[in-house]
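J.: No letters, just coordinates:
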């Protein structure tokens, strides 16, 4: 059982179900940047006008893909998998806000 710490780690890993056309989503483990509730709220407000690549780079610090985690790779990833940006954003926010917790 994981032990709760008052101060969270600066990053966390979690799988993102990346939509793949004609197939089931494929989970890709991402290393996300941790934000407090206040930081997350401010970050969400600043997303207006930003493209998916910039938002992705502000959320994610790395991934468990064979390809290197670079801005160019992220651009290609988001271009090839059209639903990846939304799936990543949703997973990120849900994890930070504890949306996965079951009653």
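T.: Yes, it's here. Since this is a predicted model, take the numbers as computed values, not measurements.

J.: List the buried residues in stretch 32-49.
T.: Applying a neighbour-count criterion of 16 or more other CB atoms under 10 Å, the buried positions in stretch 32-49 are 32-33, 35, 43. Any C-beta I mention is one placed from the backbone N, CA and C, and that applies to glycine too.

J.: Could you list which of those residues belong to helices?
T.: Mapping these onto helices (DSSP state H) picks out residue 43.

J.: Please narrow the buried residues of stretch 32-49 to those residing in strands.
T.: Among those, the members falling in strands are 32-33 (criterion: DSSP state E).

J.: Let's have the buried residues of stretch 32-49 in TSV, adding pLDDT and distance to residue 97.
T.: Putting the buried residues of stretch 32-49 into TSV (pLDDT from 0 to 100; distance: CB to CB, whole Å) gives the following:
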residue	pLDDT	distance to residue 97
32	98	13
33	97	15
35	95	10
43	94	13
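
J.: closest to residue 84 among the buried residues of stretch 32-49?
T.: Distances from the buried residues of stretch 32-49 to residue 84 were compared by CB to CB; the smallest belongs to residue 32, at 14.1 Å.

J.: how far away is that closest one from residue 88?
T.: Relative to residue 88, residue 32 is positioned 9 Å away (CB to CB, to the nearest Å).

J.: Spit out the residues that contact these two alike.
T.: In terms of CB atoms under 8 Å, 6 or more residues apart in numbering, residue 32 and residue 88 are both contacted by the residues 59-60.

J.: what would the buried residues of stretch 32-49 look like in JSON lines with distance to residue 10?
T.: Formatted as JSON lines, these follow (distance: CB to CB, whole Å):
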{"residue": "32", "distance to residue 10": "10"}
{"residue": "33", "distance to residue 10": "7"}
{"residue": "35", "distance to residue 10": "10"}
{"residue": "43", "distance to residue 10": "15"}
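
J.: Having no further points to raise, I will conclude here.
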